[in-house]
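Undergrad: return a 3D structure for these sequence lines:
(2 chains)
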Amino acid sequence: MNAMKRIYQLAILGVLALTFTSCTKEWLERTPKNIILEEQVWNDPKQITGLLANYYDRLPKDMGLNDPDHTSIDVNQERQAQWRRMADYDDAMWSGSTNEDARNNIVNYPFDRWRIWNYSLVRDINLALENIETYGVSLSAEQKAQFRAELRFLRAYNYFELVKRMGGVPLITTQLNYDYNGDPSYLQTPRAKEAEVYDFIASEVDAIKDQLGNDGSQTRANKYTALALKSRAMLYAGSLAKYNNAMGGPITTPGGEVGIPADRANGYFEQSLAASQEIINSGAYTLYQNNSNLGENFYEAVTTKAGNTEVIFAQDFLAPKKRHGFAYDNIPRSIREDNLSSSNIAPSLNLVERYEYLDGSSGELNIRTADGSDFIYYDELTDVFDNKDARLYGTVIYPGAPFKGVTLGMQAGVKVWDASSNSYRTVEGADLGATWGGDNYPDGDGGLLTYAGGPHRSIMEVTNTGFYLRKYVDSGAGTSTRGIGSDVWWVWFRLGEIYLNATEAALELGRDADAAGYLSTLRERAGFGENSVTAATITMERVRNERRVELAFEDHRVWDLKRWRIAHEVWNGNSNSPDAVVYALYPYRVVRPGDAARDGKYVFVKMVAPRFRAPRFFQMGNYYSSIDQSVINNNPKIVRNPFH
Amino acid sequence: MRMVMLLCMMVLGGYGLSGAHLQEIVVSGTVTDEQGEPIAGASISLKGNDRVTTTNESGTYSIRLPNGNGTLVFTYIGYGTQELAVAGRNTIDVQLEATNEALSEVVVVGYGTQTKASITGAVSTIGSEDLVRTPAVAATSALVGKVPGVTARATDSRPGNGANIQIRNLGNPLYVIDGVPYSTNDQTTAFGFNSGVSGQNVFNNLGLEDIESITVLKDASASVYGLRASNGVVLITTKKGRKGEHTSINVTGYYGMQNFTRFPRPANAGQYIRGLLESEQNFGNDPSLLYSPDQLAKWEAGTEKGYKSYDYFDEVMRPNVPQYYLSANASGGSERSNYYISLSHVNQDAIIKDFSFDRTNLQANINGNLAKGLTVGTQISARVEKRHNVGVPGLDDYFNPLLSVFSMWPTESPYANDNPNYINQTHNVNVNPATYKDDVTGWVDEWWRAMNVNLSAEYDFNFGLKAKGLYSYNFTNEDFDGFEYTYDAYLYDEETDTYYTQPGFGNQNPWREKHKRNVVSRFAQFQLSYDKQIGLHSISAVAAFERSDTENSYNAIHTVPSNNYVPIMSFAEQDYLADEWSIEARAGYIGRINYNFAQKYLLEVLGRYDGSYLYAPENRWGFFPGVSVGWRLSEEAFIKDRVGGWLNDFKLRASYGETGSEIGIGAFAYLAGYTYAGGNVNDGRSAVLDGAFYNGLRPRGIPITGLSWVTNRTQNVGFDFTVFSKLSGQFDLFERRRTGLPAARYDVLLPSEVGYTLPNENLNSDATRGVDGMVTWQDQVGNVRYSLGVNATLARLRSLSTYKPRFGNSYDQYRNSIEDRWTGVNNQGLATGVNWGYQVIGQFQSQEEIDSYTINVDGQGNRTLLPGDLKYKDVNGDGIINNLDETPIGYAEGAQPYFNYGINGSVSWKGITLTLDMVGAGMQTYFRDWELKYPFQNNGNLLRNVAEDHWHRVDPYDPNSQWVAGTYPALRKDLNSHVNYRRSDFWVTNVRYLRLKNLELAYNFPRTLIERVGISGLRVFANGTNLFSFDNVKGFEIDPEISSTNGLVYPQQKLYTFGFNLSL
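TA: The predicted model follows:
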């Protein structure tokens, strides 16, 4: 027994000793499964591409096709891009869930609205530029040079996004390391002049364009991507130099952080034009002209990837690995394939009327007789849109237009003639797809009351303006379901814009014939005749309208209005303004038995979109976004933007 | 630490062996209690002499006396003192009678047990019988209102869910079950299921009948659990058989019926139509475009065909839904072994059809003596938990059915033409309750299968020293299997009497997903304990080492199936894959010494050296000491002499302890490099380049190496008392001060342009302060025994100091400072809620009043206002209402109530017992939003109480008709940005409630009656849970404990149960 006891005791003490001496240090030292080290990254081109993928995906934009992964506004905010912002200007409004009706009630744009200060991306790129040298031992010099050029493109692109929102920003091109000695003031860099940032972008493009490689790539930067950046950035710089100084009171700061001297305008326009010409003349890209239906062709020019030689640079998606719900959220209500969402972005009548008739006349729709005494009665819904710029069809789904092989009827209600009062009684009803008849409307004729896709004044997820979006909405089967989703790409640069950049720069430089030539080429694709614009007829007004209609929903309008310094005039907060207010067009079926010329025809009513609440209001303080107070606290050398 | 303790043992042990004298007689014997159980630690002294000894583990003693005369005095805490003359005897066995059972009660504390009398910490306990009184599915619910210091809020009571409980509002506590601590990481996935195995999960899913006792460590007594004990510790002990006891078999069962306590009701069709018309009228539009007066009249009558009103609360919910429970256990023991084995099953159906929860538990606790001094044991607990949901689109299947109540229009039928063969393509078919059936929209089965095995071995060295080893292995598996079907929906064509469907109708978005989660938790402990009674000195010491880890791995695959029939997933249809993994690892050295002198002066010193995987190697380990003292004044002669007649017990306690909290750091934050985005392909930081998908690499940023745990210093003073043997209580005053809360050293102003921020360091501090206590009165009058107890907790977090705060101006400071302020006062830092808002001073009574009102309420010259709209107080008097007029109007939203109390009472007469538990709370804030605030939210219906009571004109078609006053403002559809809906005390309510949690009537059949049929005990009972509540949210038709601002959450149930306990 004693022996047994001794054994137990020894065993227990042995276990005790073992537990106490076993290494607890290792016990707490665990290895993560998803962390890669510098050495592993910088000697493996595939991992470097993975890192570049991360950086490409972090490039800022105002719109885009997906929702942001950052919703809060903070100084390190990187992406605020979201397609929902398409509803925030005057080309469209919000017709989706009523939870976001505030987009129709923007009393004024807050001063921080377009703010970014994403130096975290700048740092990551600067760090990469250094680490590729430090760790990349097995890369060839050529590989290194190409990756370095691509990183510098990404940095230049990001600085362009910064300068167009914030004005001149500190130009940081190396990693800033804090030494933890308690005084980081040596890291403070003042804002560069606005012009200096634009100059930096130009010089970076010049330095890297021939090292970029990636020939033919539409999703990674190559020579022409860089030139496209330069084309756009220099155009912005030129118009800022010109139009800011043309204002009653130019927006400037004493140090030039905001405000580019007027005498630099032409130089920038020259640079822009040269870059545009190099792209156009290279023959590397052509305007998309693959479909004889010009409206469909224009839709394809932006939205279709296959055979697209127009798109220079895009954020691509690939189902099922990377996809978005843009089609789910914006497919017209009556043909939605999922049972939620749809119809969120409803294009405005304002935009629709900017598309000219092919004879060159104003795009205003003819809906009332010349003396205004009566409606104009149309046999078909589409008749009112006949002979319009094909880009209207390619951008917007208007009443009666087809999408995905289905005709979208669109009808808000019926106009019933009341002979006794000599006027129409309007019946709209509370539901979609309703019949004017049955129990609810015993006096009805049994015909259609409200089309299944509206428009409707108050129901959410159905158009409130009478129009649906076509551009960027995937026409593939099932793509508007959450399960399948869409992989349409987001276009950053395409040749169409380069033509417009060339047009505008040439016009600014007084080369009217060149300008008209570029513009006419672009307009031909939309169905206009040859030389539809000439040196005699081209005006800046016209060029600006062309940008609006060609580039609608491609994240240009707000930036264009800003650089032309007319945003505060267009979006003036006035509820009688034709631009600051979003208008709708409601089609009605006429019920007027006995009047064959009118009965059963369609009439159109123009109105302020019923869910639209507050006119757009852009203030002088919106031209440059406010800099977060904490950024200024952190670096007292940062001067504020004007009006803040 | 360890060395010191060993030294102590040796010194004291040596002393214990000395002091033998010759020429004396030896008296020995056994001291037992009324049941004949040995009493260890009873003291035996010779009257008028300093000779003292104590009984050992088996209750035996021996004492040397100078001669055979004299009187021995036998004392033991909680028992009556006996004096016996020796009268030359050599053997004297004594049976002591309990005078105060409470004090002799053995309480489980960290790493051992103590008697209640000798406890020095703030410790609350609750036993089995008080737990099972509540027919709870999850154990946390059974604790509510019964333990001082525990606050509770049941925010989501879907089947299987428990209450959120905290100790003194400190945060999620650490759960230790049978000596094994479990993870404090408690999270819920978007599906509404757990994302891991936390202590709270394990506790919640124990069989309620299997729990022997629960101890709550609230102060320094928790320090023995070190790094994770800062929020208090809940110790759970499961039942064991007793040695030498005959086998007893117990069977318990109940059947109950559930209904919601409260849920808001929707308006009927007439009210809804009228509301829409009013909205048009209020916008200045022509309401007749929507509905003609004739149509309105028909809808309000609701009698004609096509004008029927549907109540979607009734369409979605079912009354009197079953919940039932059956459990059987057997326990007993021989001289060398004991066992407790149980099997139980609980089933809780949801009030929404086809949703359910059930769980089967197995527990087997077996101990055996292998050899003298050596005991081995095992505790095995296993469970199978199943939740069944209807596969409703959207991740959390419970949400849409609740949403339906308000999203569906009362004018539309769930079925086309009311024909149950055709699901109606309603305006939002996604929330049409006709689809909420397994065979229409699909199903989700979620299984949790868990097995926990503890193996222990203990060796008693027979001189007070014991060595014990414990190993625990927990394997938990989650199996999620979900299939959401496509289905068609129809519209009815009256003209042709046909039903038709179209491609966009119904749901054409199939969804198929399987998850698997495996969680392995391991725990190993080695422990030495030493107990010795030397005269009036009583000492016990514990030294232990332990380590634990938890590995959680998760896989999900998802497909877009082509049909509803084949549940086998195919690669061709796969579109998603997730592979996730996480780890936790910890280790610690523990030491504790308890000393008391004559059960009068009590001292406890403890410490723990603890390490966590979260920190960089140089910051991994920390030492957490605690000390507590107690003074049992009632044992002092000078007290006993004066008031001993009625003061049975009075103990003063004070404690100080340190613990750690792992706050503000993620796993591997101390490592640099890049995070590979793999696993979840929708990560969002990846790109498609040249047509190929590239997983992104995310730079990890600056490694966090300087951060360590948050240090908590807990102080507690309190007392326990018993007077007249009837009234007893405890009261504690406490503070937990946290220092080293993570924050960045912001006066080192790193320019934002460097692209990174300084990593957090341990800089800020806060304190949770409060009081808790309880009193219980127990008495017997004739045949009636009764008791009444009240407990209460008041605890609130206050931010003390932040690192060098700085403010731009005094408003900035008023609004944003958290310096020395109760948290929840603003939306920064530590606060858990935003509760600033406007103060409503009334409602506009007329258009004239609006027109002449000088304060600009809406910022637009009051042109958007209508009679009935809210008037806000212009706090700063600048004539315009804007955010500068906001003031604090509530407490932290959704948080635990700062004040919680419970009332527990029972009356019994012969075999009949009536018990009652009431629970109350205050200082808890609820914000009504969304469906509870906006009329026609989400293009849906109105609330019934809004429809019945709001400002409107008499005639919705006549814009000049008279206004009628009401509680709610005039209706405007889809104008959520209206000034009425700003956060104000109109919508924010500081909730107070007192609810009858439990009422139980039970009858114990007399033994004489049932013994004839071979039954040793039979009890039947009827129980009502949540029968009613007094509160200030009744008008909103919500349960006072919910926190979801839209009210669309599964509230607590009003439950009637009938059951029995049978013992064989």
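
Undergrad: use CA for all of it now, contacts and neighbours both
TA: Noted.

Undergrad: shouldn't residue B:574 be in contact with residue B:568?
TA: No. Using CA atoms under 8 Å, residue B:574 makes no contact with residue B:568, being 11.5 Å away.

Undergrad: which one of those two has more residues nearby?
TA: residue B:574 (16 against 7; other CA atoms under 10 Å in any protein chain shown).

Undergrad: so how far is chain A from the more buried one?
TA: Using CA to the nearest CA, to the nearest Å, one obtains 9 Å as the distance from residue B:574 to chain A.

Undergrad: per-residue confidence for that residue?
TA: Reading off the confidence values, residue B:574 has pLDDT 90.

Undergrad: give the bridge partners for it, please.
TA: Beta-bridge partners recorded for residue B:574 (DSSP bridges): residue B:559.

Undergrad: now swap in residue B:375 and tell me
TA: Beta-bridge partners, per DSSP bridges, of residue B:375: residue B:369, residue B:458.

Undergrad: measure it to chain A for me?
TA: Distance from residue B:375 to chain A, by CA to the nearest CA: 11 Å.

Undergrad: for the closest residue to residue A:617 other than its chain neighbours, give me the backbone phi and psi.
TA: Once flanking residues are discounted, residue A:617 sits nearest to residue A:573: 4.0 Å by CA to CA, 6 or more residues apart in numbering or on different chains. Torsion angles at residue A:573 (phi, psi; degrees, to the nearest 10) stand at phi 80, psi 10.

Undergrad: which residues sit in contact with residue B:702?
TA: Contacts for residue B:702 (CA atoms under 8 Å, 6 or more residues apart in numbering or on different chains) come out as B:672, B:756, B:758, B:759.

Undergrad: and the pLDDT for it?
TA: For residue B:702, pLDDT reads 82.

Undergrad: state the distance from it to residue B:803.
TA: Here residue B:702 is placed at a distance of 21 Å from residue B:803 (CA to CA, to the nearest Å).

Undergrad: what does residue B:313 give?
TA: Counting by CA to CA - residue B:313 and residue B:803 are separated by 52 Å.

Undergrad: what does residue B:809 give?
TA: Residue B:809 sits 18 Å away from residue B:803, going by CA to CA.

Undergrad: more neighbours, the two?
TA: Each of residue B:809 and residue B:803 has its neighbours counted (other CA under 10 Å); residue B:803 has more, 18 against 9.

Undergrad: what helix or strand is that one on?
TA: Per DSSP states H and E, residue B:803 falls between elements, in no helix or strand.

Undergrad: and it, what does it touch?
TA: By CA under 8 Å, 6+ apart, residue B:803 lies in contact with B:743, B:745, B:746, B:763, B:764.

Undergrad: the first one against residue B:764, yeah?
TA: Yes. Taking contact to mean CA under 8 Å, the distance of 6.5 Å between residue B:743 and residue B:764 places them in contact.

Undergrad: strands along the stretch 401-550 of chain B, start to end?
TA: Using DSSP state E, counting those that start in this stretch, the strands of the stretch 401-550 of chain B run over residues B:442-460, B:465-484, B:491-493, B:498-500, B:511-534, B:537-559.

Undergrad: can I get the longest one in CSV, CA atoms only?
TA: Translated: strand B:511-534. Output in CSV follows, covering the C-alpha atoms of strand B:511-534 (Å, rounded to 0.1, in the frame of the first residue of the first chain):
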residue,chain,number,x,y,z
TRP,B,511,-30.1,31.1,-51.8
ARG,B,512,-28.4,28.0,-50.4
GLU,B,513,-25.8,28.1,-47.7
LYS,B,514,-24.0,25.8,-45.4
HIS,B,515,-21.8,26.8,-42.5
LYS,B,516,-19.7,24.7,-40.3
ARG,B,517,-18.0,26.0,-37.2
ASN,B,518,-15.8,23.9,-35.0
VAL,B,519,-14.7,25.3,-31.7
VAL,B,520,-12.2,23.5,-29.6
SER,B,521,-11.5,24.8,-26.1
ARG,B,522,-8.9,23.2,-24.0
PHE,B,523,-8.1,23.9,-20.4
ALA,B,524,-5.6,22.4,-18.0
GLN,B,525,-5.0,23.2,-14.4
PHE,B,526,-2.8,21.9,-11.6
GLN,B,527,-3.7,22.9,-8.1
LEU,B,528,-2.3,22.4,-4.7
SER,B,529,-4.4,23.3,-1.7
TYR,B,530,-3.7,23.2,2.0
ASP,B,531,-6.2,23.5,4.8
LYS,B,532,-5.3,23.5,8.5
GLN,B,533,-7.0,24.4,11.6
ILE,B,534,-4.6,25.0,14.5
